[in-house]
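Peer 1: Coordinates for the following, if possible.
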Amino acid sequence: MVILFPIAGKYFGMSDMGYGLWAGTAVNDTSSVVAAGYAFSDAAGAYSVIVKLTRTLSIIPTVIIFSFINERISVKNNAHSVRHKINLSKIFPYFILLFLGMVALKSTGIVPDATSDFMSSLSKFLMIMALGAIGLKTNFREVYRSGFKPMLHGFTISALVVIVAFAVQMVMGQL
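Peer 2: Presented below is the predicted three-dimensional model:
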């Protein structure tokens, strides 16, 4: 995705905003969204990150709802008809508070622009390093041993997401 998306974006003559929307929507991994977005242009990178982080924010209610459901099932299975209260502090994903705190801190303007720019550049660099490390650590023998069907399944799902995201943008005139 990191290599093919910018090439496809240029081939289809996509605008920075259109490409950023496509990459942020169709690419699943956040680090890959960052890499693919900024490989096209800085503006496309910024758009793709905004789209991806907006998608990521949907994790908050999803995690809370499924944590609650899982805790209810667990309490129900262990209680044997005795009614217990669910401990919300036990199921709440606290990393969400840190994430929201950082978003709020950045949004207030307390962080100077120079610091924000430095952190943004450092973040991009570290993301690229992480992607490189993941790629270098890939054990192709294990990938081969997993078989053809899982690889085909993953490829098919990824291809469908990419095509549907592109088609929706095309219909909406956002390319």
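Peer 1: Where do the helices of the chain begin and end?
Peer 2: Assigned by DSSP state H, the helices in the chain fall at 4-11, 16-26, 30-40, 42-57, 59-79, 88-91, 95-108, 113-137, 140-146, 148-172.
Peer 1: Redo the ones you listed as CSV? Include mean neighbour count and mean pLDDT.
Peer 2: No exception for glycine: its C-beta is placed from N, CA and C like everyone else's. Listed next are the helices of the chain as CSV, based on neighbours: other Cβ atoms under 10 Å; pLDDT from 0 to 100:
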stretch, mean neighbour count, mean pLDDT
helix 4-11, 16, 94
helix 16-26, 25, 94
helix 30-40, 23, 89
helix 42-57, 18, 90
helix 59-79, 12, 79
helix 88-91, 11, 68
helix 95-108, 11, 81
helix 113-137, 11, 83
helix 140-146, 9, 85
helix 148-172, 12, 90
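Peer 1: In the protein, which residue is most central in space?
Peer 2: By Cα atoms, centre = their mean, the chain has its centre lying nearest to residue 30, at 3.7 Å.
Peer 1: ok, now how distant is that residue from residue 162?
Peer 2: 16 Å (Cβ to Cβ, to the nearest Å).
Peer 1: so who does the closest residue to the residue nearest to the centre of the chain other than its chain neighbours touch?
Peer 2: Nearest non-adjacent residue to residue 30, counting by Cβ to Cβ, 6 or more residues apart in numbering: residue 52, 5.6 Å away. For residue 52, the contacting residues are 24, 27, 30, 33, 34, by Cβ atoms under 8 Å, 6 or more residues apart in numbering.
Peer 1: and which of these is nearest to residue 151?
Peer 2: Distance to residue 151 across the contacts of residue 52 (Cβ to Cβ) is lowest for residue 27, with 18.2 Å.
Peer 1: about what we covered before: now, among the contacts of residue 52, which is nearest to residue 168?
Peer 2: The closest of these, once distances to residue 168 are taken by Cβ to Cβ, is residue 24, at 12.8 Å.
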